[in-house]
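Colleague: Predicted model and sequence below, questions to follow.
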Amino acid sequence: MTAHDGRPGGRRPCRRAWVGRAALAAVLVLTVVVLAACGRGEDRPGTVSVDPESSTPSVSGSGTGTHSGSVSGTHSGSSSGTHSGSVSGTHTHSGAGAGHVEPKPAGAAQVNVTLKEWAIEVEPAEVKAGQVYFLVTNAGPEHPHELVIVRSDAGPEELPVVDGRVPEDQVEMIGEVEAFAAGTQASGLFTLQPGRYLLICNIVEGEGEHAVSHVEEGMVAELTVTP
């Protein structure tokens, strides 16, 4: 004889409990599958983190494909291929900052110089001896440039060049306006004696066969100083 609990339905409560547990297990499995599918997104490994003090997420890792948008608020556009870390490509050289312009002193002669790839323009090309104020514009469009003033009777093609640079200890160097970024201006004030001068950009960018010598590319100009 089989024992019963004396309640209508016999063993039905046990069956109901088993069915409830099975349903709960099915819901949990379905939840895990959905979360895993959402987490995969695109097949690109990487991590996304959010600075608690900023609402802008940062993304790290590598990926393939084509994307558009902005990176750190400074780069926009689209790129394709595999990349990691910072964005690379065409950019202005960050090694030189914007130029600085000082006011022209009263009584100084002014020479306007334009530096660009790959030439130096001087206006006027003749000036009287004494204090000479150089207002220098880097017209770029990409590279930093400098202005080095050399006193020399040699022609532009006769300057000594070693590894793409004019050795400043082998010429009579008067002074320089240090390298500054494209699209900006700088100035310099020098006392010049009568004679012939060469204005050069003595920067070399890159190394080996990829080196670019600004002076060898043609960034040389003449200036005559009269009594």
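Modeller: Great, that's in hand.
Colleague: okay, CA-based contacts and neighbour counts for the rest of this
Modeller: Noted.
Colleague: what about the nearest residue to residue 117 once chain neighbours are set aside, how many residues close to it?
Modeller: Closest residue to residue 117 apart from its sequence neighbours, by CA to CA, 6 or more residues apart in numbering: residue 140 at 6.0 Å. Using other CA atoms under 10 Å, residue 140 has 18 other residues around it.
Colleague: go on, residue 95?
Modeller: When neighbours are counted by other CA under 10 Å, residue 95 registers 9.
Colleague: what's the answer for the one 4 residues further on, then?
Modeller: Residue crowding around residue 99 was assessed by other CA under 10 Å; the count is 21.
Colleague: Quick check: closest non-adjacent residue to it.
Modeller: Leaving aside its sequence neighbours, residue 99 sits nearest to residue 186 (CA to CA, 6+ apart; 4.4 Å).
Colleague: Next one: the one you found from residue 221, what distance?
Modeller: The gap separating residue 186 from residue 221 is 18 Å, by CA to CA, to the nearest Å.
Colleague: Kindly report the same for residue 121.
Modeller: Residue 121 is 7 Å from residue 221, where distance means CA to CA.
Colleague: what do you get for residue 118?
Modeller: If you go by CA to CA, the gap between residue 118 and residue 221 works out to 11 Å.
Colleague: so where do the helices sit in the chain?
Modeller: All helices of the chain, identified by DSSP state H, fall at 12-40.
Colleague: where does it dip in pLDDT?
Modeller: Residue ranges of the chain with pLDDT under 70: 1-94.
Colleague: contacting residues around residue 98?
Modeller: Counting by CA atoms under 8 Å, 6 or more residues apart in numbering, residue 98 touches 180, 181, 182, 184, 185.
Colleague: and of the residues you listed, the nearest to residue 113?
Modeller: Closest approach to residue 113 among the contacts of residue 98 (CA to CA): residue 185, at 9.9 Å.
Colleague: neighbouring contacts of the lengthiest strand in the chain?
Modeller: In the chain, assigned by DSSP state E, the strand with the most residues is strand 130-140. Contacts with strand 130-140, where a contact means CA under 8 Å, 6+ apart, come from 101, 104-105, 107-117, 144-145, 147, 180-193.
Colleague: For that strand, which strands pair with it and how are they oriented?
Modeller: Sheet pairing for strand 130-140, assigned by DSSP bridges, gives strand 109-116 (parallel), strand 185-192 (antiparallel).
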